[in-house]
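Colleague: predicted coordinates and the sequence they were generated for:
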Amino acid sequence: GMTRVRGFTQDDAHIFCTEDQVADEFRGCLEMTQFVLKSLGLNDYRVRLGFRDPASDKYVGGDKLWDRAQSELADVCKSLGIDANPEPGEAAFYGPKADFVVTDCIGREWQLGTVQLDYNLPSAERFALEYVGADNRTHRPVMIHRAPLGSMERFIGVLIEHFAGAFPLWLAPEQVRVLVVSQKFEEYARQVEQRLLDAGLRATGDYRPEKIGAKIRDAQLELIPYMLIIGGREAESESVSVRDRIEGDLGSMKVDATIAKLKDEIAARTVRQTYSGSMGLGERGATNEY
């Protein structure tokens, strides 16, 4: 559904630069896209160089500009150690591009981020863009199109499947859930929940008159990263029993220490769990630290 939509939102932006700035600016866009993918644990990808098909008439601009742009794009990728393969016919009508093609958890490929080099749209025949250089003469700028995520909808769809819904703490819609062993500890538990919310954490509480085992099971099935369990001992010592979705019981901790631990993990953007491309949806792969 989210990977094939009728309309989409793109994190598209454009850089206008001088010809001698092209390599550095294009390199910066590629590095930014690599950083985004690495931060999210999306490490299984390839970079496709979309070049012009000389036999097609859909492209604008002359051979000289196209050859120059394609050569510059390939050189920048090489300087970053990116093993990118040119694919004729995959260029935009105005210039060559570097597409980040990500493989999802069941082996399908999706084009996500893209960086495109454009000498043609600023030209006199198109937008006729000019700037006055240090020599006090007019020059034509070069345009770089960049979208690190590509389609926001597709990116989120691929990300959901990549984690099979088990998002790392910093991405999880619900980061922590407070569970009470008995309703008589609800007052203290609600105080803990409010402290979590005041600290900027996305927290909820489960105060249903159910057994604690059922509450833990429900939180595990809903893929909540952390559970804070409160019983008589915790209420008396003003602490919480911390349960990690991946590692299980972490023992008793003071509330402030728990909040500090969670905020440190969020700040580090820790990704501790990914799914193997050979596995089916919902099957858990090995736990990995990044």
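Modeller: Good, I have the coordinates.
Colleague: so, low pLDDT: which residues of the stretch 101-250 of the chain?
Modeller: Applying pLDDT under 70 to the predicted model, the stretch 101-250 of the chain contains no residue that meets it.
Colleague: just the strands in it please.
Modeller: Here the stretch 101-250 of the chain has its strands, by DSSP state E, counting those that start in this stretch, at 109-118, 131-132, 138-139, 142-147, 176-180, 203-206, 226-230, 239-244, 248-254.
Colleague: tell me which of the ones you listed is the most buried.
Modeller: The highest mean neighbour count among the strands of the stretch 101-250 of the chain, using mean count of other C-beta atoms under 10 Å, belongs to strand 176-180: a mean of 26. C-beta here means a position set from N, CA and C on the backbone, and glycine is covered the same way.
Colleague: what lines up beside that strand in the sheet?
Modeller: Each strand that pairs with strand 176-180, with its direction, by DSSP bridges: strand 203-206 (parallel), strand 226-230 (parallel).
Colleague: of all those strands, which one comes closest to Ser39?
Modeller: Nearest of these to Ser39, taken as C-beta to C-beta: strand 226-230 at 20.4 Å.
Colleague: how is this protein carved up into domains?
Modeller: Listed by automatic domain parsing, the domain ranges of the chain are 13-162, 176-267.
Colleague: Gly232 against Val181, yeah?
Modeller: Yes: counting by C-beta atoms under 8 Å, Gly232 touches Val181, with 7.4 Å between them.
Colleague: tell me which of those two has more neighbours.
Modeller: Val181 (18 against 11; other C-beta atoms under 10 Å).
Colleague: hmm, back to that, let's have the domains of the chain in CSV, adding distance to Pro168.
Modeller: As requested, the domains of the chain are arranged in CSV below (distance: least, C-beta to C-beta, whole Å):
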stretch, distance to Pro168
domain 13-162, 8
domain 176-267, 7
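Colleague: among these, which is nearest Gly7?
Modeller: Nearest to Gly7, of the domains of the chain and by C-beta to C-beta, is domain 13-162 at 8.6 Å.
Colleague: start to end distance for the closest one?
Modeller: In terms of C-alpha to C-alpha, to the nearest Å, the two terminal residues of domain 13-162 are separated by 26 Å.
Colleague: do the same with stretch 103-114
Modeller: 15 Å.
Colleague: ditto for stretch 130-137
Modeller: Distance between the boundary residues of stretch 130-137 (C-alpha to C-alpha) amounts to 10 Å.
Colleague: what does that stretch rub up against?
Modeller: Residues lying outside stretch 130-137 but in contact with it, judged by C-beta atoms under 8 Å, 6 or more residues apart in numbering, are Phe16, Thr18, Thr138, His139, Arg140, Pro141.
Colleague: got it, and stretch 13-28?
Modeller: Applying C-beta under 8 Å, 6+ apart, the external contacts of stretch 13-28 come out as 29, 72-73, 75-76, 79-80, 115, 117, 122, 129, 131, 133, 139, 141-147.
Colleague: okay, how far is it across that stretch, tip to tip?
Modeller: The straight-line separation of the ends of stretch 13-28 (C-alpha to C-alpha) is 13 Å.
Colleague: how close does Glu174 sit to Val181?
Modeller: For Glu174, the distance to Val181 equals 20 Å [C-beta to C-beta, to the nearest Å].
Colleague: re earlier: switch the strands paired with strand 176-180 over to a markdown table; also include distance to Gly213.
Modeller: As requested, the strands paired with strand 176-180 are exported to a markdown table (distance: least, C-beta to C-beta, whole Å):
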| stretch | distance to Gly213 |
| --- | --- |
| strand 203-206 | 12 |
| strand 226-230 | 11 |
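Colleague: nearest to Arg68, out of these?
Modeller: Of these, nearest to Arg68 by C-beta to C-beta is strand 226-230, at 53.2 Å.
Colleague: for the closest residue in space to Ile144 that isn't next to it in sequence, give its distance to Phe35.
Modeller: Once its chain neighbours are removed from consideration, Ile144 has its nearest residue in Ile15; the separation is 4.3 Å (C-beta to C-beta, 6 or more residues apart in numbering). Separation of Ile15 from Phe35 (C-beta to C-beta) stands at 17 Å.
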